[in-house]
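>>> Sequence first, then the predicted structure, then my questions.
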Amino acid sequence: MNTTKLGRTAKPSIYFITLLLGATLLSACALAPEYQPSTAASEPDNQVPSEASPGISEATVESEEPKSNATPPAIESSPESLPEPEVSLSFFGLPKPDVDYGVIDLCEEISKKLGSVSTQDCLNQHMYSNGGFSVLGRPIALREYPELPTREALGRVLLIGGIHGDEYSSVSIMFKWMEILNEFHTGVFHWNFVPVTNPDGLLREDSRRQNENGVDLNRNFPSADWNDSAESFWLDNTDSNERRYPGEQGGSEPEVAWLVDHIKNFQPDVIISVHAPYHLVDYDGPPEAPDQLGNLQLNRLGVYPGSLGNYAGVDLDKPIVTIELPYAGIMPSESQISEMWTDLVAWLIQERTKDR
Ligand SMILES: [Zn+2]
């Protein structure tokens, strides 16, 4: 998909909405083209993604197929898919691992998996890692849009994509929104993106929901109720569905442990987590949920033991918007991508300026 198209279509809507919002929403905060909303939804567990929407034009369709309804692979890891870490001697004669999945390698892998993200699109984001790695040693890459010296940001916002490896659109849309910010970041918020939280799940040959250890990362967060409820919920409510396996301990998985740490360090005021394919917005934590993001409507689904919504929204008392895109393997239209972003930013500004 031609990603430059997004920028072209996004601009007029950004300016238009900026003008509108500027008139109605805020005088305190100079509205910036940082505007374009999107939605979140939570994660109903046992549904199956729908087929492609007949209304979606070819240009908006990812080349990859939806995979969320694929037969889940076995839980055990598949060591044969991994290169054995070779050990060589460094200059100083110390053993040094020779396998280095850097962000460049990650981008190459992502571009092979996702039709709408080229290697260059990915490299253009200048992502970095700060010590977070997947089970297979892939970096959990970040992109930062910091506060600017010219204005005080209204808050810190953490956006998370790809917790579930078979929800391609939740990763691709992160890149689309980063492209919008690359052009329009004006410091209204301090943004932090984690577009691919479960790289091993995404990048295996048959992408799957769980990480390499067979754990559903969105059931592995160390929520207060994890010890009491995670296993029994899995046994009784999902019939031991391996796609919902919460792991042996809350926070046992490296991807989750890193994200817990990252939340502690970054101290987001709001968390946005993107999933697919349930076509809605879910919300946990204070204060008020967005009613609508693009064409996604608010539909609160409740929380699960070990879910990020439970951990961050209930335990940490942080507002968390869960966006459930309509399809796992098909991107929303470009106008929807930018409308969701506009609505999301408008809601963030409204929430963050309420008490000022
Ligand atoms: Zn999901």
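Looks like it arrived, so ask away. Remember, it's a predicted structure, so these values are computed and weren't measured experimentally.

>>> burial of the closest residue to Asp317 other than its chain neighbours, as a residue count?
Of all residues not flanking Asp317 in the chain, Gly285 sits nearest, at 5.9 Å (Cβ to Cβ, 6 or more residues apart in numbering). In this view, the C-beta of every residue, glycine as well, is placed from N, C-alpha and C. Look at Gly285: counted by other Cβ atoms under 10 Å, it has 18 neighbours.

>>> pLDDT score for Gly285?
pLDDT for Gly285: 79.

>>> Can you name the residues that contact it?
312-314, 316-320 (Cβ atoms under 8 Å, 6 or more residues apart in numbering).

>>> try it again with 10 Å
Residues counted as contacts of Gly285 (Cβ atoms under 10 Å, 6 or more residues apart in numbering) are 270-271, 309, 312-321.

>>> Assign the closest residue to Ile160 other than its chain neighbours to helix, strand or coil.
Once flanking residues are discounted, Ile160 sits nearest to Ser273: 4.5 Å by Cβ to Cβ, 6+ apart. Recorded secondary structure, Ser273: strand (DSSP: H, G, I helix; E, B strand; the rest coil).

>>> Beta-bridge partners for Ser273, please?
Beta bridges link Ser273 to Ile160, Thr322, judged by DSSP bridges.

>>> returning to what we had before: would you point out the most distant pair within the contacts of Gly285?
Pairwise distances across the contacts of Gly285 (Cβ to Cβ) peak at 16.7 Å, for the pair Asp315 and Val321.

>>> higher neighbour count, the two?
Using other Cβ under 10 Å as the criterion, Asp315 and Val321 rank with Val321 on top: 30 against 16.

>>> Hmm, that one is touching Pro268, no?
No: Val321 lies out of contact with Pro268 (Cβ atoms under 10 Å); the separation is 11.4 Å.

>>> and for these two, which residues touch both?
157, 159.

>>> So for the host helix or strand of Asp236, what gets flagged as buried?
If you go by DSSP states H and E, Asp236 is part of helix 231-237. Neighbour counts over helix 231-237 (16 or more other Cβ atoms under 10 Å) mark 231, 233-234 as buried.

>>> model confidence over the following helix or strand past that helix, on average?
Next helix or strand after helix 231-237 toward the C-terminus (DSSP H and E): helix 254-266. Average pLDDT, helix 254-266: 98.

>>> Can you show me the CA trace of helix 254-266 as CSV?
Extracted in CSV, the C-alpha atoms of helix 254-266 (Å, rounded to 0.1, in the frame of the first residue of the first chain):
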residue,chain,number,x,y,z
PRO,A,254,9.8,-11.0,29.2
GLU,A,255,7.6,-8.9,27.0
VAL,A,256,5.2,-8.3,29.9
ALA,A,257,7.9,-7.7,32.5
TRP,A,258,9.4,-5.1,30.2
LEU,A,259,6.1,-3.4,29.6
VAL,A,260,5.3,-3.3,33.3
ASP,A,261,8.7,-1.7,33.8
HIS,A,262,8.3,0.7,30.9
ILE,A,263,4.9,1.9,32.3
LYS,A,264,6.6,2.4,35.7
ASN,A,265,9.4,4.5,34.0
PHE,A,266,7.4,6.4,31.5
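
>>> Just give the number of residues close to the closest residue to the ion within the stretch 51-200 of the chain.
Residue of the stretch 51-200 of the chain nearest the ion, by Cβ to the ion: His164 (3.6 Å). The tally of other residues near His164 (other Cβ under 10 Å) stands at 28.

>>> helix/strand/coil for the closest residue in space to it that isn't next to it in sequence?
Nearest residue to His164, sequence neighbours excluded (Cβ to Cβ, 6+ apart): Arg209, at 4.5 Å. Following three-state DSSP, Arg209 is assigned to coil.

>>> likewise Trp191?
When classified by three-state DSSP, Trp191 comes out as strand.

>>> what residues are up against the residue lying closest to it once chain neighbours are set aside?
Distances taken as Cβ to Cβ, 6+ apart put Tyr145 closest to Trp191, at 4.0 Å, once the chain neighbours are dropped. Counting by Cβ under 10 Å, 6+ apart, Tyr145 touches 34, 153, 157, 178, 181-182, 185-193.

>>> hang on, Glu144 in a strand?
Yes: assessed with three-state DSSP, Glu144 lies in a strand.

>>> Now for the closest residue to it other than its chain neighbours, how many residues are close by?
Nearest residue to Glu144, sequence neighbours excluded (Cβ to Cβ, 6+ apart): Asn192, at 5.5 Å. Neighbour count for Asn192, taken as other Cβ under 10 Å: 19.

>>> now do Leu203
Residues near Leu203, counting by other Cβ under 10 Å, number 23.

>>> can you check Arg352 too?
Neighbour count for Arg352, taken as other Cβ under 10 Å: 20.

>>> can you give me the strands in this protein?
87-89, 95-97, 143-145, 156-160, 190-194, 270-275, 280-284, 292-293, 296-297, 320-324 (DSSP state E).
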